[in-house]
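Participant: I need the structure of the sequence given here:
(chains A, B and C)
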Amino acid sequence: MTTPPAGSHEWCVIGRTPDDSLGGVRGMGSMLAVVDLDGDRVRIGSHRLGADELPDFVRERESQGRPRWVFSDAPNWCPALLSAGVRIERCHDLRLSHAILMRSESVRDGGAVAAAEEWDADPVSAPAAPEAEALFDVTERRSRIKQVPHDIDSALAEFDRQSAALASAADPGRLRLLLAAESAGGLVAAEMQAAGVPWDVEEHDRILAEELGPRPAGDAKPEKMLAVAEQVRTALDDPRANLDSHVKLLHSLHAAGINVASTSKWELQESEHPAIAPLLEYKKQARLLSANGWAWLDEWVDEGRYRPVYVPGGVVTGRWAASGGGALQIPRQLRPALRADPGWRLVSADVAQLEPRALAAMAGDRAMAEAGRGRDLYSGLVDEGIVATRQEAKIAVLGAMYGSTTGDSGRLVPRLRASFPAAMSLVDSAAEVGSNGGVVSTWLGRTSPVPGEGWSRVQRAANRFDATSADENRARRAAGDQGRFTRNFVVQGTAAEWALAWLADLRLRLARLPAVDLPTVEGEPGTTSATASGPVFSRQAHLVFFLHDEVIVHSPAQHAEAAAAAIREAAASAGKLLFGNAPVDFPLELTISERAEKD
DNA sequence: ATCTAAAGCGCG
DNA sequence: AAAGCGCGCTTTAGAT
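Facilitator: Predicted structure coming up:
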């Protein structure tokens, strides 16, 4: 195998060979084109690799010059590299970048990217542990999902289109930063899935038993739930009340003289009736059982690791989404089941009030930045006499970012307008653009989607001479909805960019921490042994969880302080990278423990 | 029999 | 209280 020349501005585009049956191994052939981006793109050479050669090749190149690897789609390439013990430092993810570039209003010459529709595809999760019997299902499912092309020529062509689009951007620097951060996020997601969240199955089971009773056989209801259900039926004097069907339950409630329009808990809480308390308890139990009960444990936790499927860029604002496993909805109640391996620690950190801080930074609102500096931003509003209580501050700030107009929130938002004119004018303008059908962009240039045809039709209908008041109301409501969406888009999206920059930087800092020796395995191989994290992460601090504004790092105990420092430094560095010397800080709540706190 | 919509609740 | 943004998941009920 010839090794291509190393260079500091080098990109390696990875793709499948056109003849992927080469050597009798279908789908395993790989090709690399090594590209030098100094000046015009020059194809230095391409290299055909055999079935098992890619990981070694990547490892070798990584140790020499750290190129930026160009992937069609990180989930397609990362799992094999990680399971072979290979990590990369930087990449450019064509699928994620395509989604940003095709919409970005900063790009002046994006037609070619937008026209390459095959790159506008669904994210595909990497297959979990390849279990023989499930393989058919996985293959079957994946074949129905629209995937990006993984062959080398398609990847090179798309890479060219993206490079041209980027070069035409109004602010290529910011957009380049966004693409790098987004791509790094793709790597983090793949790595977190490979590592898994250390999960204490016994603790989870203990929590379930405490709330629901011991695990029932088959799909019977747990005994504590049955008992609570009986209390409800007795209180309703309706021995056959069905608590699982909203419609039937509503009938039973009405029959018992409880006048509610729905069975939602905030409405039930309003009523005074002996059935309400046990009913709310039952609903809580039912939720826990169906969402995160024993079935969830069986399906998603294996060998002491919870492996959810993250979807970077899955939300239009740039936030991550999840697909399967409910990674973004793990109830606080179950957080204690998240537990470090023996000799390891969990280092958890979250940013207090990330979104308003991102807004203050973006708007250059010095007064708002000052209100939050080094302290709880909501308390800052109280200290500065803008509102009376922390609760009011929270309602006002959320109301400002979400565009609420009624109730307490509507009453309090005007005070912010007086105190923080720059921040408020930014979100107010974003709302106005959206309500008129326009698009808005985040700090780094992620652009909101154009409202759909249905939206425009509603607006047109309201402008016709024969428009009814119903038409006008519908149009006004739709315009308001879109305005609130774009208002929030700039804030949520910019906060997501800060979080990506934080993650990207943290990932590299953690990779530079020292590795530890593997614990000697005595007797039975422990099911929660650190080796469950795979060859790359079993000896080194690594990210295991990310949720919009919080991270959890799993670290050898002796490096936990260093990991904590890395988290803080990465946060400071993210603020600088995005906002330069803007007077906004992003303070962290950080804890080192063996177990995640219940909160 | 299988798909979709809506309700409801978990997370930020 | 709900409101005002963004999601995923489970369940039931209704449509195909």
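
Participant: only C-alpha atoms for contact and neighbour calcs from this point on.
Facilitator: Will do.

Participant: what's stretch A:111-130 in contact with?
Facilitator: The contact list for stretch A:111-130, computed with Cα atoms under 8 Å, 6 or more residues apart in numbering, reads A:75-76, A:79, A:94-95, A:98-99, A:101-103, A:138, A:142, A:145-149, A:158, A:161-162, A:165, A:309-311, A:314.

Participant: what's the domain layout of chain A?
Facilitator: A:1-195, A:201-301, A:362-489 (automatic domain parsing).

Participant: Restricted to strands, list the contacts of stretch A:111-130.
Facilitator: A:310-311 (DSSP state E).

Participant: and the contacts of stretch A:111-130 near DNA strand C, which?
Facilitator: A:Gly314 (Cα under 7 Å from any atom of the strand).

Participant: Kindly write the ChimeraX command that selects the buried subset of the contacts of stretch A:111-130.
Facilitator: Selection of buried members from those for ChimeraX, criterion 16 or more other Cα atoms under 10 Å:
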select /A:75,76,79,94,95,98,99,101,102,103,147,148,149,158,161,162,165,309,310,311,314
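
Participant: out of the domains of chain A, nearest to DNA strand B?
Facilitator: domain A:201-301 (3.4 Å; Cα to the nearest atom of the strand).

Participant: ok now that closest one, how far from the chain's centre?
Facilitator: Offset of domain A:201-301 from its chain centre (Cα atoms, centre = their mean, to the nearest Å): 30 Å.

Participant: anything in it near DNA strand B?
Facilitator: Yes. Using Cα under 7 Å from any atom of the strand, domain A:201-301 reaches DNA strand B at A:246, A:262-266, A:283-284, A:287.

Participant: Point out the ones among those that are inside helices.
Facilitator: Using DSSP state H, the subset of the residues of domain A:201-301 next to DNA strand B located in helices is A:246, A:265-266, A:283-284, A:287.

Participant: Just among these, which is most surrounded?
Facilitator: A:Lys283 (19 neighbours; other Cα atoms under 10 Å).

Participant: Please name the nearest non-neighbouring residue to A:Ala572.
Facilitator: Counting by Cα to Cα, 6 or more residues apart in numbering, the nearest residue to A:Ala572 once its immediate chain neighbours are dropped is A:Phe586, at 7.3 Å.

Participant: restrict the ones in helices among the residues of domain A:201-301 next to DNA strand B to those near DNA strand C?
Facilitator: A:246, A:265-266.

Participant: And for the residue in the stretch 51-200 of chain A that DNA strand C sits nearest to, the neighbour number?
Facilitator: Nearest residue of the stretch 51-200 of chain A to DNA strand C (Cα to the nearest atom of the strand) works out as A:Pro123 at 10.7 Å. Taking other Cα under 10 Å as the neighbour definition, A:Pro123 ends up with a count of 22.

Participant: try A:Leu338
Facilitator: When counting by other Cα under 10 Å, one arrives at 24 neighbours for A:Leu338.

Participant: now what about stretch A:592-599, what contacts it?
Facilitator: Under Cα under 8 Å, 6+ apart, the answer for stretch A:592-599 is A:332-341, A:344-348, A:560-561, A:564.

Participant: Mark which of those are part of helices, please.
Facilitator: Filtering these for helices - DSSP H - leaves A:560-561, A:564.

Participant: Mind picking the one among the residues you listed that's closest to DNA strand C?
Facilitator: Of those, the one sitting nearest to DNA strand C (Cα to the nearest atom of the strand) turns out to be A:Ala564, at 25.7 Å.

Participant: Surely the closest one is in contact with A:Leu590?
Facilitator: Yes. Here A:Ala564 reaches A:Leu590: they are 7.5 Å apart, a contact under Cα atoms under 8 Å.

Participant: Settle it for me: which of these two has more neighbours?
Facilitator: The neighbour count for A:Ala564 versus A:Leu590, taken as other Cα under 10 Å, is higher for A:Ala564 (21 against 18).

Participant: Rebuild the ones next to DNA strand C among the ones in helices among the residues of domain A:201-301 next to DNA strand B as TSV, extending it with pLDDT.
Facilitator: TSV is the format used below for those (pLDDT from 0 to 100):
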residue	pLDDT
A:His246	91
A:Lys265	92
A:Trp266	90
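
Participant: which one of the residues you listed sits closest to DNA strand C?
Facilitator: So of those, ranked by how close each gets to DNA strand C (Cα to the nearest atom of the strand), first place is A:Trp266, at 3.3 Å.

Participant: in stretch A:559-577, what's buried?
Facilitator: A:559-568, A:570-576.

Participant: Stretch A:396-410 too?
Facilitator: Of the residues in stretch A:396-410, those buried (16+ other Cα under 10 Å) are A:396-404, A:409-410.

Participant: With stretch A:592-599 instead?
Facilitator: A:592-597.

Participant: near DNA strand B at all, that stretch?
Facilitator: No. Stretch A:592-599 does not reach DNA strand B (Cα under 7 Å from any atom of the strand); its nearest approach is 8.6 Å.

Participant: which SS class is whichever residue of chain A sits closest to DNA strand C?
Facilitator: In chain A, the residue that lies nearest DNA strand C is A:Gly324 (2.7 Å; Cα to the nearest atom of the strand). Recorded secondary structure, A:Gly324: coil (DSSP: H, G, I helix; E, B strand; the rest coil).

Participant: what's near enough to touch the residue lying closest to it once chain neighbours are set aside?
Facilitator: Using Cα to Cα, 6+ apart and skipping the chain neighbours, the partner closest in space to A:Gly324 is A:Val309 (5.7 Å). Residues near A:Val309 by Cα under 8 Å, 6+ apart: A:125, A:193, A:322-325, A:327.

Participant: Might one say that A:Leu510 is in contact with A:Ala564?
Facilitator: No. Judged on Cα under 8 Å, A:Leu510 makes no contact with A:Ala564 at a distance of 9.8 Å.

Participant: ok, stretch A:418-433 near DNA strand C or not?
Facilitator: No. Applying Cα under 7 Å from any atom of the strand, one finds stretch A:418-433 separated from DNA strand C by no less than 10.1 Å.

Participant: No further queries at this time; thank you.
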